[in-house]
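> predicted model and sequence follow; I will ask about them next.
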Amino acid sequence: MNKAIQFPPNFLWGSATSAYQIEGSPLADGAGPSIWQRFCAVPGNVRDGDSGDVACDHYNRYKDDVALMARLGLKAYRFSVSWSRILPQGRGRINQAGLDFYNNLIDELLANGIEPMVTLYHWDLPAALDDRGGWLNPDIADWFADYARILFTAFDGRVKYWATLNEPWVVTDGGYMHGTLAPGHRSPHEAALASHNLMRAHGSAVKVYREVGKHQIGIVVNIEPKYPASQSQEDLDATRRADAYMNRQYLDPVFHGRYPEEMKQMFGDAWPEWPAADFSLIGQKLDFVGINYYTRAVVRNEPTHWPLKVMPVRQTQATYTETGWEVYPQGLTDTLVNFKRLYGDTPLYVMENGSAFYDPPNADEGRIHDPLRIDCMRKNMRALSDALEQGVDVRGYMVWSLLDNLEWSLGFSKRFGIIHVNFETQQRTLKDSAYLYADIVASNGACL
Ligand SMILES: OC[C@@H]1[C@@H](O)[C@H](O)[C@@H](O)c2nc(CNc3ccccc3)cn21
């Protein structure tokens with residue numbers, strides 16, 4: 001019999017989404033195009049030719065969606081702001097209608113007792129800035145800081161939690177290293193430059209927040225713990241390289257003022273020497289760190305795979321999700337405990353955790369049974385509780401995702417929502433996992 005689970009009082013239970021994945025109407029009311037608008041328009045980039053043109057139509061249905069959050073009893077809602085709704089050209093003229101949308105969303109959340117948690121950047125760079133080099137242009141740190149200042153000024157009285165970036169690793173690895181995500185570049189040199197400019201932009205926004213903000217600001221990183229396929233020195237070294245590239249590359253400069261030494265070893269002349277002043281900017285104190293956890297990786301040495309020279313090893317006795325990720329709840333505990341060991345006691349929020357499984361509507365019952373997602377949720381909750389018991393200061397959990405939505409280049413083919421969306425009719429239907437999550441929130445985990 002599992003021991004009872006007890007989460008701290010005031011633990012912040014919520015859900016997470018992002019602008020381009022749910023809003024639709026990307027050009028409404030004066031908004032400018034983003035790089036995802038462009039990326040989706042190129043045949044072959046996104047499965048089935050899907051795009052964020054309509055998505056969950058949240059731009060028009062946000063009041064109904066907030067009502068669903070209230071029905072689930074959520075305490076918080078993590079969403080991102082579309083930069084090009086606020087600044088259609090990425091800088092310069094402010095589009096008041098864009099600010100109005102998010103003002104209204106924030107007011108609706110607060111009217112329902114739900115804490116807004118705002119991500120400044122969740123991958124949808126204004127296309128006009130990409131035309132000026134985007135994350136490859138060092139000026140973007142100032143462009144981002146100017147954008148951030150507009151939002152802080154407009155919303156900080158009501159928004160208590162701000163995150164600068166969502167997952168700089170994915171932006172870099174997908175957008176600049178492998179070209180699988182917008183803007184679709186494939187260059188290790190560009191990847192290194194984009195990654196560093198992302199972190200400079202993060203620091204520039206934190207600097208502005210310290211001038212004008214009254215609440216809390218942090219960064220959200222995806223952590224995928226790496227485990228060696230064997231205890232051979234080659235595999236142990238490969239594990240360190242993989243961990244440096246995906247995980248420590250972003251937290252080391254924030255907390256230790258330097259990049260992992262493995263980065264220069266792996267990338268060679270594609271990894272420049274960065275100015276020392278940049279690390280003062282990047283390393284400013286944060287009020288929290290958001291952790292996105294989905295899966296782990298077991299890795300072995302693979303000399304032919306430059307620059308990491310790493311190969312993941314599929315686990316035979318494991319459950320895999322529709323996105324090919326191993327269900328490994330112990331990895332969540334390990335991730336949170338390792339953060340404390342490596343970086344100290346900065347408060348943490350699990351800002352994304354969830355799973356994509358095939359869970360079609362059950363026509364005769366009007367219910368949507370998602371037993372695999374429920375099993376995954378239960379196991380991850382226990383893993384989270386284990387980390388708390390080991391003294392990790394975790395203060396909240398946002399399930400990914402509130403709604404089935406656009407899974408980037410996988411289109412609508414992968415469903416992470418605890419609420420099903422019929423993309424033809426826009427009908428929302430609570431999955432069984434939504435009912436479980438409502439119970440978890442209401443009982444602060446005691447129902448598990
Ligand atoms: O894939 C599910 C979500 C995605 O919809 C979110 O927008 C994004 O923040 C997100 N990050 C991860 C974890 N990181 C990751 C790892 C490899 C490829 C892509 C994302 C999963 N997810």
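On my side now, so go ahead.

> around the ligand, which positions in the stretch 251-400 of the chain sit nearby?
Contact residues, the stretch 251-400 of the chain versus the ligand (Cβ under 6 Å from any ligand atom): 292, 294, 352, 400. (Glycine included, C-beta is placed from N, CA and C.)

> isn't the second one right up against Trp325?
I take that to be Tyr294. Yes. With contact defined as Cβ atoms under 8 Å, Tyr294 reaches Trp325; the gap is 5.4 Å.

> the two: who's more crowded?
The neighbour count for Tyr294 versus Trp325, taken as other Cβ atoms under 10 Å, is higher for Tyr294 (24 against 17).

> report the longest helix in this structure, please.
helix 188-212 (DSSP state H).

> check which element follows it along the chain.
Toward the C-terminal end, the helix or strand that comes next after helix 188-212 (DSSP states H and E) is strand 216-222.

> show me which positions of that following strand end up buried.
Residues of strand 216-222 classed as buried under the neighbour-count rule (16 or more other Cβ atoms under 10 Å) are 216-222.

> re earlier: what's the overlap in contacts for Tyr294 and Trp325?
Residues touching both Tyr294 and Trp325 by Cβ atoms under 8 Å, 6 or more residues apart in numbering: Ser355.

> the residues of the stretch 251-400 of the chain next to the ligand in helices, which ones?
Filtering these for membership in helices, criterion DSSP H, returns an empty set.

> now those in CSV, with distance to Gly24?
Supplementary listing: those in CSV, determined by distance: Cβ to Cβ, whole Å:
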residue, distance to Gly24
Asn292, 23
Tyr294, 25
Glu352, 21
Trp400, 19
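
> and these, which are buried?
Using 16+ other Cβ under 10 Å as the burial test, these include 292, 294, 352, 400 as buried.

> picking that back up, show me which of the buried residues of strand 216-222 is closest to the ligand.
Sorting the buried residues of strand 216-222 by how near they are to the ligand, with Cβ to the nearest ligand atom, puts Asn222 at the top with 3.9 Å.

> report the two of the buried residues of strand 216-222 separated the most.
Gln216 and Asn222 (20.3 Å; Cβ to Cβ).

> could you dump stretch 166-186 to PDB, C-alpha only?
Included here for stretch 166-186 are C-alpha records, laid out as PDB according to Å, rounded to 0.1, in the frame of the first residue of the first chain:
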ATOM      1  CA  ASN A 166      10.200  28.700 -22.400                       C
ATOM      2  CA  GLU A 167      12.900  26.100 -23.000                       C
ATOM      3  CA  PRO A 168      15.800  27.900 -24.700                       C
ATOM      4  CA  TRP A 169      17.200  24.400 -25.500                       C
ATOM      5  CA  VAL A 170      14.200  23.500 -27.700                       C
ATOM      6  CA  VAL A 171      14.300  26.900 -29.400                       C
ATOM      7  CA  THR A 172      18.000  26.400 -30.200                       C
ATOM      8  CA  ASP A 173      18.100  22.600 -30.900                       C
ATOM      9  CA  GLY A 174      14.900  22.600 -32.900                       C
ATOM     10  CA  GLY A 175      15.100  26.000 -34.500                       C
ATOM     11  CA  TYR A 176      18.800  26.400 -35.300                       C
ATOM     12  CA  MET A 177      20.600  23.000 -34.900                       C
ATOM     13  CA  HIS A 178      18.300  20.500 -36.500                       C
ATOM     14  CA  GLY A 179      15.700  22.700 -38.300                       C
ATOM     15  CA  THR A 180      12.700  20.700 -37.100                       C
ATOM     16  CA  LEU A 181      11.100  23.800 -35.500                       C
ATOM     17  CA  ALA A 182      10.800  27.400 -36.700                       C
ATOM     18  CA  PRO A 183      12.800  29.100 -38.100                       C
ATOM     19  CA  GLY A 184      14.100  25.800 -39.500                       C
ATOM     20  CA  HIS A 185      17.900  26.500 -39.600                       C
ATOM     21  CA  ARG A 186      20.500  23.700 -39.500                       C
END
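
> so how far is it from its chain's centroid?
The gap between where stretch 166-186 is centred and where its chain is centred comes out at 14 Å by Cα atoms, centre = their mean, to the nearest Å.

> now that stretch: buried residues?
Within stretch 166-186, the residues scored as buried using 16+ other Cβ under 10 Å are 166-177, 179, 181-185.

> re earlier: Serialize the residues of the stretch 251-400 of the chain next to the ligand to JSON lines and add fields for pLDDT.
Conversion of those to JSON lines gives the following (pLDDT from 0 to 100):
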{"residue": "Asn292", "pLDDT": "99"}
{"residue": "Tyr294", "pLDDT": "98"}
{"residue": "Glu352", "pLDDT": "99"}
{"residue": "Trp400", "pLDDT": "98"}
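
> who are the contact partners of Ala446?
Ala446 sits in contact with 4-6, where contact means Cβ under 8 Å, 6+ apart.

> keep only the buried residues of strand 216-222 that also lie close to the ligand.
When Cβ under 6 Å from any ligand atom is taken as the criterion, the members of these that contact the ligand are Asn222.
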